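**Q** Using only what follows, build the 3D model:
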Amino acid sequence: MIIDVHNHPDWHGHDLSRFLDNMKRYHIDKTWLLSWETPADEYDPSYIGCTPEVGPRGPIPFSRCLSYFERAPEKFILGYAPDPRRPEAIDQLQAAVSIYGVRVCGELKLRMMYDNPDAIRMFQFCGERGLPVLVHIDYEFPANGRYPRPNWWYGGGIDAFERAIKACPETIFIGHAPGFWAHISGDNQYNKTSYPSGKVVPGGKLIEMLHTYPNLYCDISAGSGCNALKRDPDFAKKFLVEFQDRVLYGRDYFDNIHQEFLNGLGLPPQALEKIYSENALKLVL
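**A** Residues are numbered from 1 along each chain as shown. Here you go, the predicted structure:
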């Protein structure tokens with residue numbers, strides 16, 4: 001069984017029909033379908049080319065996730081992450097859980113420190129309801145304009161994320177994106193490039209956090225997760241075996257680069273099964 005823990009509706013040219021065809025092509029049994037709701041001035045306008053509906057709630061409103069789920073409920077696990085700074089956020093999330101069966105809080109991708117007190121309250125709510133929280137972390141890099149923002153960052157970096165994890169020990173957190181995966185290595189490239197290269201150097205903050213916080217999991221989706229593993233395949237194999245209980249297969253796109261890499265590493269079958277589906281299943285049962 002294969003579960004993609006990170007994808008979005010109407011994403012990169014895929015409507016529901018193309019989405020389901022793509023899942024079939026790559027033998028994916030279920031997908032965690034995630035929203036991305038954020039104020040209009042907090043996301044890079046280049047994303048407008050990836051999704052057709054950019055409304056008041058952001059590029060990927062929960063309504064689109066729900067539309068897919070209602071038409072193919074056997075294929076999707078519903079995710080939803082309201083902006084925790086909104087006063088109604090927890091009430092909206094509670095309603096989504098009780099009415100529609102939302103099982104994941106994600107994707108959280110906001111220009112906000114993830115240890116914001118409002119976010120902590122929502123994370124604690126998720127812990128009480130058994131919802132894993134999937135977050136995107138990006139550091140600040142130069143952009144091409146001044147408005148609506150001169151640059152883009154999400155989450156406030158690994159330190160803010162660690163404070164949130166520490167403050168919510170009953171909540172499962174799933175890290176994702178360049179600002180998370182760059183910390184697999186201790187080479188301090190995390191704030192210099194989105195996709196670091198070269199052999200992994202000992203002392204990575206991510207490794208330290210995995211040893212410290214049992215409520216931290218890893219989503220290998222997108223170029224960031226694949227790059228972090230491909231940059232040093234020998235290290236990747238050791239990493240995936242050591243943390244086989246807390247690594248989740250995901251794509252955040254519609255290619256097959258992650259499966260191709262994982263299948264070529266020579267991982268123990270039990271580790272591969274956990275990464276492909278067992279870890280995801282235990283989080284959303």
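
**Q** going forward, measure contacts and count neighbours with C-alpha atoms only.
**A** Will do.

**Q** Show me the helices in the stretch 1-150 of the chain, by range?
**A** 16-25, 62-71, 89-100, 117-129 (DSSP state H, counting those that start in this stretch).

**Q** Check the stretch 151-285 of the chain too.
**A** Using DSSP H, counting those that start in this stretch, helices in the stretch 151-285 of the chain cover 157-167, 178-181, 205-212, 222-230, 233-242, 257-263, 269-273, 279-284.

**Q** winner for burial among those helices?
**A** Among the helices of the stretch 151-285 of the chain, helix 178-181 has the highest mean neighbour count (mean count of other C-alpha atoms under 10 Å), at a mean of 26.

**Q** Do me a favour and average the pLDDT over it.
**A** Average pLDDT, helix 178-181: 98.

**Q** Then stretch 99-114?
**A** 98.

**Q** Quick one: end-to-end length of that stretch, please.
**A** 27 Å (C-alpha to C-alpha, to the nearest Å).

**Q** now stretch 75-87
**A** Stretch 75-87: ends 32 Å apart by C-alpha to C-alpha.

**Q** pLDDT weak spots in this structure?
**A** 53-54 (pLDDT under 70).

**Q** switch the cut-off to 90
**A** By pLDDT under 90, the weakly predicted segments of the chain are 40-41, 43-58, 141-151, 285.

**Q** returning to what we had before: mind putting the helices of the stretch 151-285 of the chain in JSON lines, distance to Thr38 included?
**A** Shown next, in JSON lines, are those (distance: least, C-alpha to C-alpha, whole Å):
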{"stretch": "helix 157-167", "distance to Thr38": "18"}
{"stretch": "helix 178-181", "distance to Thr38": "18"}
{"stretch": "helix 205-212", "distance to Thr38": "26"}
{"stretch": "helix 222-230", "distance to Thr38": "20"}
{"stretch": "helix 233-242", "distance to Thr38": "32"}
{"stretch": "helix 257-263", "distance to Thr38": "28"}
{"stretch": "helix 269-273", "distance to Thr38": "34"}
{"stretch": "helix 279-284", "distance to Thr38": "24"}
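
**Q** List just the one of these that sits closest to Lys199.
**A** helix 233-242 (8.2 Å; C-alpha to C-alpha).

**Q** And the closest one, what does it pack against?
**A** Secondary-structure packing of helix 233-242 (3 or more C-alpha pairs under 8 Å, 6 or more residues apart in numbering; DSSP states H and E): helix 222-230.

**Q** contact partners of the helix it packs on?
**A** Contacts to helix 222-230, defined as C-alpha atoms under 8 Å, 6 or more residues apart in numbering, come from residues 176-178, 181-182, 184, 194-197, 219-220, 235-236, 250-253, 257-258, 261.

**Q** one more time with 7 Å, if that's ok
**A** Ala177, Pro178, Trp181, Ala182, Tyr195, Ile220, Ala236, Arg251, Asp252, Tyr253, His258 (C-alpha atoms under 7 Å, 6 or more residues apart in numbering).

**Q** and what of stretch 30-48?
**A** 2-9, 54, 56-62, 65, 75-83, 106-111, 148-149, 152.

**Q** Kindly check the end-to-end length of that stretch for me.
**A** Per C-alpha to C-alpha, the first residue of stretch 30-48 is 26 Å away from its last.

**Q** For it, buried residues please.
**A** By 16 or more other C-alpha atoms under 10 Å, the buried positions in stretch 30-48 come out as Lys30, Thr31, Trp32, Leu33, Leu34, Ser35, Trp36, Glu37, Thr38, Glu42, Tyr43.

**Q** Which pair of the residues you listed spans the longest distance?
**A** Lys30 and Glu42 (30.2 Å).

**Q** And the closest residue to Tyr68 other than its chain neighbours, how close does it get to Ala177?
**A** Ranked by C-alpha to C-alpha, 6 or more residues apart in numbering and with sequence neighbours excluded, the top spatial neighbour of Tyr68 is Leu16, at 6.5 Å. As for Leu16, its distance to Ala177 is 25 Å (criterion: C-alpha to C-alpha).
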